[in-house]
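In: Structure for the following, please:
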Amino acid sequence: MSTAYISHSDCRQHDTGDGHPENSRRLSAIEDQFVATGLADFLRFFDAPEVSENQLLRVHTRGHLASIESMMPADGYARLDPDTVISPDSLVAARRAAGAVVAAVDLVTSGEMDSAFCGVRPPGHHAERNRAMGFCLYNNIAVGAAHALQEHDLKRIAILDFDVHHGNGTEDIFKDDQRVLFCSTFQHPFFPYTPLLEDAPNRVSVPLDATARSAEFRAAVTERWLPALDEFQPEMIFVSAGFDAHVDDEMSYVSLTDADFRWVTEKIVEVAERTSAGRIVSVLEGGYELNSLARCVETHIRVLMGLQ
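Out: Sure thing, here's the model as predicted:
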């Protein structure tokens, strides 16, 4: 199976300052891992285009776009909130990050590629329709999903989010859209401390205690996600691939392992093969301990490609 890796050097220019966990070393660690393990020889690399304003406006308000642009500093740093730092090159990085997911959708729906992984930053799943937060400026995966619905006439898509932090932005954007099934697992209570919505036909939210390990995570996927996905029958699957629930990552208390991320990717691939002609677009979200991040992204992509 063919998998695209979509990124851009501009994503490394999003400077968040010394000591910030969401920094350019994340992409360097991932791409160094590809070379060290030989995975680079099997991937096709694509440069991410910049997203268009119209593509952003499918999921964000015009006021949101204007607010971010007005806050961009000419030099130094600015903060959109206590956690979300921006610098002069952050806007173009965010446009590339969202544009990568649009490009991934086009590659996969056309059949040129079976799947795609977007190695981009800033991440996106906390960005709400009218608010940037939690390191996120635009909701990259939501932009791509809306593009799939609008331009490729898909009727049902699923977004699966295993980042340890609740994907509040994605939920906010699609909560009333019955074409989108949003399944998530996340530590709770924990950042972003947004209210939990009740499950709905298009939403399966599984909060995990801080003490959660493999058994609790796998039960959530097996008992809650998989039945919902089989009933919904998505035509394409999107993955908010956050690896910050790893036991080595200090950004949370949930303790998953490399094997858990391999397992959940295998389950996603199985569902995609049953329902979606194998079509998967995966997008980097969290993951801040560089060694575990690099290993888990490599494993995630190997499973997408059918390489063991």
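In: low-scoring stretches of the stretch 201-308 of the chain, by residue?
Out: For the stretch 201-308 of the chain, no stretch is flagged by pLDDT under 70.
In: Now do the helices in it.
Out: Assigned by DSSP state H, counting those that start in this stretch, the stretch 201-308 of the chain shows helices spanning 214-220, 226-232, 258-275, 290-305.
In: Pipe the ones you listed into JSON lines and attach distance to residue 111 and mean neighbour count per row.
Out: For every residue, glycine as well, the C-beta is placed using N, CA and C. Formatted as JSON lines, the helices of the stretch 201-308 of the chain follow (distance: least, Cβ to Cβ, whole Å; neighbours: other Cβ atoms under 10 Å):
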{"stretch": "helix 214-220", "distance to residue 111": "32", "mean neighbour count": "16"}
{"stretch": "helix 226-232", "distance to residue 111": "22", "mean neighbour count": "16"}
{"stretch": "helix 258-275", "distance to residue 111": "14", "mean neighbour count": "19"}
{"stretch": "helix 290-305", "distance to residue 111": "16", "mean neighbour count": "22"}
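In: and residue 19, which of those helices is closest to it?
Out: Counting by Cβ to Cβ, residue 19 lies closest to helix 290-305 out of the helices of the stretch 201-308 of the chain; the figure is 14.2 Å.
In: Can you tell me which helices and strands that closest one packs against?
Out: strand 3-7, helix 25-37, strand 115-118, helix 258-275, strand 280-284 (3 or more Cβ pairs under 8 Å, 6 or more residues apart in numbering; DSSP states H and E).
In: okay, which residue is most central for this protein?
Out: By Cα atoms, centre = their mean, the chain has its centre lying nearest to residue 240, at 2.8 Å.
In: Distance check, it against residue 110.
Out: Distance of residue 240 to residue 110, given as Cβ to Cβ, to the nearest Å: 23 Å.
In: again with residue 55
Out: For residue 55, the distance to residue 110 (Cβ to Cβ) stands at 17 Å.
In: Ok, residue 217 next?
Out: Taken as Cβ to Cβ, the span from residue 217 to residue 110 is 34 Å.
In: For the residue nearest to residue 21 when sequence neighbours are not counted, give me its contacts.
Out: Closest residue in space to residue 21, ignoring its immediate chain neighbours: residue 288 at 4.2 Å, by Cβ to Cβ, 6 or more residues apart in numbering. For residue 288, the contact set (Cβ atoms under 8 Å, 6 or more residues apart in numbering) comprises 21-22, 26, 244, 249-251.
In: of those, buried ones?
Out: 21-22, 26, 244, 249, 251 (16 or more other Cβ atoms under 10 Å).
In: Can you lay out those as TSV showing distance to residue 85?
Out: Shown next, in TSV, are these (distance: Cβ to Cβ, whole Å):
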residue	distance to residue 85
21	11
22	8
26	14
244	18
249	20
251	16
